[in-house]
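Trainee: just a sequence and a predicted model for now, questions to come.
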Amino acid sequence: MSKTIKRIGSRRNEHRVLKGVIYVQASFNNTIVTATDVRGQVISWSSAGACGFKGTRRGTPFAAQTAAENVIRALMDRGMERVEVMISGPGRGRDTALRTIRRSGILLSFVRDVTPMPHNGCRPPKKRRV
């Protein structure tokens, strides 16, 4: 039995993307930055953990800045000019990641906070007794 390996994303025919969306998901422990085109197909992503930060250092603003710089570098190679930014989560890296995107020279269409907010949803766990 011979298997045929079909390559989905070939590096040779990288198409130029002019407009896209950058999602910044900032939790307390990590910051994940994902860049997609307008259809939602991922172009590039990076996280503080993927940049080499371990443990509690992943949640720092500097780690988020490094992750955002990695994604922006990949977008510049693709020729992206205009982006929308969606920020989610309560982490410390959200403002730093946005500041890094703003400094990069890519035009921002808009910045939207898409952090999910409960309308008094689930019952919280019982209080800790120490």
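Mentor: Nice, thanks for sending it over. Residues are numbered from 1 along each chain as shown.

Trainee: any weak-confidence spans in the protein?
Mentor: 1-14 (pLDDT under 70).

Trainee: what about Ala35, how many residues nearby?
Mentor: 23 (other Cβ atoms under 10 Å). Yep, even glycine has a C-beta here, placed from its N, CA and C like the rest.

Trainee: got a list of what Ser109 touches?
Mentor: Lys19, Arg82, Val83, Glu84 (Cβ atoms under 8 Å, 6 or more residues apart in numbering).

Trainee: any idea how far the second one lies from Thr66?
Mentor: By that I understand Arg82. 24 Å (Cβ to Cβ, to the nearest Å).

Trainee: of these two, who's got more company?
Mentor: Thr66 (23 against 11).

Trainee: and that one, that one's in a helix?
Mentor: Yes: applying DSSP: H, G, I helix; E, B strand; the rest coil, one finds Thr66 inside a helix.

Trainee: tell me which element the residue lying closest to Thr60 once chain neighbours are set aside is part of?
Mentor: Ranked by Cβ to Cβ, 6 or more residues apart in numbering and with sequence neighbours excluded, the top spatial neighbour of Thr60 is Arg92, at 6.6 Å. Using DSSP states H and E, Arg92 is not contained in any helix or strand.

Trainee: ok, the one 5 residues further on next?
Mentor: Element membership of Ala97 [criterion: DSSP H and E] is helix 94-103.

Trainee: who are the packing partners of that helix?
Mentor: strand 19-26, strand 31-37, helix 61-78, strand 82-88, strand 107-113 (3 or more Cβ pairs under 8 Å, 6 or more residues apart in numbering; DSSP states H and E).

Trainee: list the buried residues in it.
Mentor: In terms of neighbour count (16 or more other Cβ atoms under 10 Å), helix 94-103 has its buried residues at Arg94, Thr96, Ala97, Leu98, Thr100, Ile101.
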